[in-house]
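Student: Sequence first, predicted model second:
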Amino acid sequence: MDLVLGVDVGTGSSKGVLSTLDGRVVARESRPHRTDNPRPGYVEHDADAVWWADFAAIAQALTAQARDAGDDVVAVCASGVGPTVLLADDAGHPLRPAILYGVDTRALAEAAELQERYGAEDLLRRCGSQMSSQAAGAKIEWLRRHEPEVFSRARYFFMCNSYLAFRLTGEYVLDHHSASQTTPLYDRHEARWIDERCEEVAPGLAMPRLVWPSDEVGRVSAEAARATGISAGTPVAAGTVDAWAEAESVDVGRPGDLMVMYGSTMFLVAVTDGPRFSPALWGTAGARPGQSTLAAGMASSGSATEWWRETVGAPPVADLVAEAAAAPAGAHGLLALPYFAGERTPFADADARGAVLGLTLRTTRGDVQRALLEATAFGVRHNVDALEEAGVEVRRVVGVGGGTGSRLWPQIVTDVTGRPQELPAERIGASLGDAKFAAVALGAVAVDATWNSVEVVTEPGPAAEVYAGLYPAYRRLHEATADLQHQLSALERAGGPA
């Protein structure tokens with residue numbers, strides 16, 4: 001039987017699947033890994049010890065299973081965290097750890113200066129997004145200014161999926177979606193690099209050849225075959241940023257479709273009827289040729305609830321979820337802000353901070369857990385409001401990711417937003433989207449083929465009325481405490497009182 005291999009490298013773990021050419025998952029593997037925080041606001045991955053090591057280990061395990069079953073892996077694709085910036089020398093060897101996406105906020109000053117240089121309106125209309133901590137172009141500018149010795153040796157820059165494609169094939173490519181997150185370097189309308197800006201911001205760096213995620217970019221080399229167990233000569237698809245592969249895994253591809261990804265961070269991808277622009281969101285190329293998307297990303301969601309679980313002694317997740325489910329909507333009078341790692345959209349504020357208001361001596365750990373889940377749901381609604389303000393008509397909502405393993409969190413999001421939400425039968429996420437890209441690269445399936453059936457649809461329940469009253473309070477709580485959040489963030493960054 002012919003199988004396709006998809007591997008996704010996430011923030012805290014990597015996952016891989018073997019799938020048939022019509023989307024049936026036959027095997028899966030996962031592997032946790034380290035994410036480094038060397039300083040406040042810095043978030044990094046070691047590209048070889050994390051990206052390549054995870055990919056190779058997962059590929060070895062899955063290809064061994066395929067061989068044992070007498071099956072053939074006929075194509076492969078990888079996705080990963082993004083947008084990221086990894087500088088490499090002329091041989092493609094990493095020169096330093098990769099700087100991760102918008103959760104790494106070191107380049108805020110550079111982002112502001114680039115915004116001033118090129119103009120907010122030009123960036124929005126030409127590139128799709130204004131400058132923020134999410135923009136890869138600002139991270140490149142930071143490296144050029146703050147690590148000039150490293151930058152002087154750099155010849156290539158990679159994102160996670162493009163580095164894995166390079167290690168597999170030797171080809172230096174980047175998919176159009178990922179390129180559209182390198183503001184101010186990529187022209188969203190002409191789908192090309194802006195040469196003069198690349199020379200200004202990234203002098204000495206060769207810009208990768210642009211492709212689409214489902215394009216075949218090369219074949220597995222003999223060296224990569226030895227490291228991964230994948231047969232030499234196997235076709236490799238380009239892949240993309242994990243959230244867009246995740247959207248493909250649940251067949252989010254038509255205008256009006258919205259993916260809500262439940263993970264360490266919360267991510268939303270809305271497919272639009274042509275380019276849409278919002279200063280609060282990210283306008284990007286989609287995962288399919290010619291597709292446009294408008295995206296949103298919260299800096300923390302599942303990570304905030306994991307912090308709480310560890311803080312109260314790391315009880316089993318199922319126990320904490322049950323306690324949260326036993327608490328009523330509104331968590332016995334608690335209201336939380338989810339900005340534990342700053343915020344990305346619908347407002348960019350690296351110095352935003354989390355809060356829990358309404359604590360009493362009767363507050364339980366289940367109450368706090370529920371309040372944190374409700375906070376992320378309010379954040380989702382805030383972003384959906386921004387999508388609608390940008391002219392996006394959301395017609396279909398699909399939930400995916402590890403957080404959908406329990407029905408509680410998706411139900412809270414459904415109640416807060418007042419929108420039905422589809423939960424698919426297969427929720428492993430981006431690695432299944434990668435497998436689909438691999439199948440498309442082979443010509444075995446059309447990019448708009450349906451690979452994932454709907455298992456259940458959540459409908460708004462009685463709690464929706466409670467949340468309708470709390471949502472304005474959530475918005476007011478942030479507005480009322482924003483200055484104080486910034487004061488406390490400055491104290492944190494300084495390491496405490498003088």
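Tutor: Structure received.

Student: Please verify my assumption that residue 342 contacts residue 352.
Tutor: Yes - using Cβ atoms under 8 Å, residue 342 is in contact with residue 352, at 5.1 Å. Every residue, glycine included, has its C-beta placed from N, CA and C.

Student: Could you tell me which residues touch both of the two?
Tutor: Shared contacts of residue 342 and residue 352 (Cβ atoms under 8 Å, 6 or more residues apart in numbering): residue 489.

Student: doesn't residue 166 make contact with residue 52?
Tutor: No - contact criterion Cβ under 8 Å: residue 52 and residue 166 do not qualify, at 9.9 Å.

Student: any common contacting residues for the two?
Tutor: Counting by Cβ under 8 Å, 6+ apart, nothing touches both residue 52 and residue 166.

Student: in the stretch 251-400 of the chain, which spans are helices?
Tutor: Secondary structure of the stretch 251-400 of the chain by DSSP state H, counting those that start in this stretch: the helices cover 302-311, 317-326, 365-389.

Student: Could you look up the SS state of residue 236?
Tutor: strand (DSSP: H, G, I helix; E, B strand; the rest coil).

Student: about what we covered before: mean pLDDT, mean neighbour count and distance to residue 60 for the helices of the stretch 251-400 of the chain - can I get that in JSON lines?
Tutor: Below are the helices of the stretch 251-400 of the chain laid out as JSON lines (pLDDT from 0 to 100; neighbours: other Cβ atoms under 10 Å; distance: least, Cβ to Cβ, whole Å):
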{"stretch": "helix 302-311", "mean pLDDT": "94", "mean neighbour count": "18", "distance to residue 60": "28"}
{"stretch": "helix 317-326", "mean pLDDT": "96", "mean neighbour count": "16", "distance to residue 60": "29"}
{"stretch": "helix 365-389", "mean pLDDT": "98", "mean neighbour count": "23", "distance to residue 60": "36"}
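
Student: Using a markdown table, lay out those together with distance to residue 492.
Tutor: Listed next are the helices of the stretch 251-400 of the chain as a markdown table, based on distance: least, Cβ to Cβ, whole Å:
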| stretch | distance to residue 492 |
| --- | --- |
| helix 302-311 | 15 |
| helix 317-326 | 26 |
| helix 365-389 | 20 |
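
Student: looking at these, which is closest to residue 185?
Tutor: Closest approach to residue 185 among those (Cβ to Cβ): helix 365-389, 24.6 Å.

Student: Scan this structure for its longest helix.
Tutor: In the chain, with assignment by DSSP state H, the single longest helix is helix 463-494.

Student: what packs against that helix?
Tutor: Applying 3 or more Cβ pairs under 8 Å, 6 or more residues apart in numbering; DSSP states H and E, we find helix 463-494 packed against strand 335-337, strand 355-357, helix 365-389, helix 408-417.

Student: That helix vs helix 408-417, what angle?
Tutor: In terms of direction (axes from the mean of the first three to the mean of the last three Cα atoms, to 10 degrees), helix 463-494 departs from helix 408-417 by 110 degrees.

Student: what's the angle between helix 463-494 and helix 365-389?
Tutor: Using the same axes, to 10 degrees, one finds that helix 463-494 and helix 365-389 are set 100 degrees apart in direction.

Student: which parts of helix 463-494 are buried?
Tutor: Buried residues in helix 463-494, counted by 16 or more other Cβ atoms under 10 Å: 463-464, 467, 470-471, 474, 477-478, 481-482, 485, 489.

Student: what separates residue 366 from residue 462, distance-wise?
Tutor: Residue 366 sits 19 Å away from residue 462, taking Cβ to Cβ, to the nearest Å as the criterion.

Student: Assign residue 205 to helix, strand or coil.
Tutor: Look at residue 205: counting by three-state DSSP, its state is coil.

Student: wait, isn't it in contact with residue 153?
Tutor: No - assessed by Cβ under 8 Å, residue 205 is found out of contact with residue 153, at 11.1 Å.

Student: More neighbours: which of those two?
Tutor: residue 205 (20 against 15; other Cβ atoms under 10 Å).
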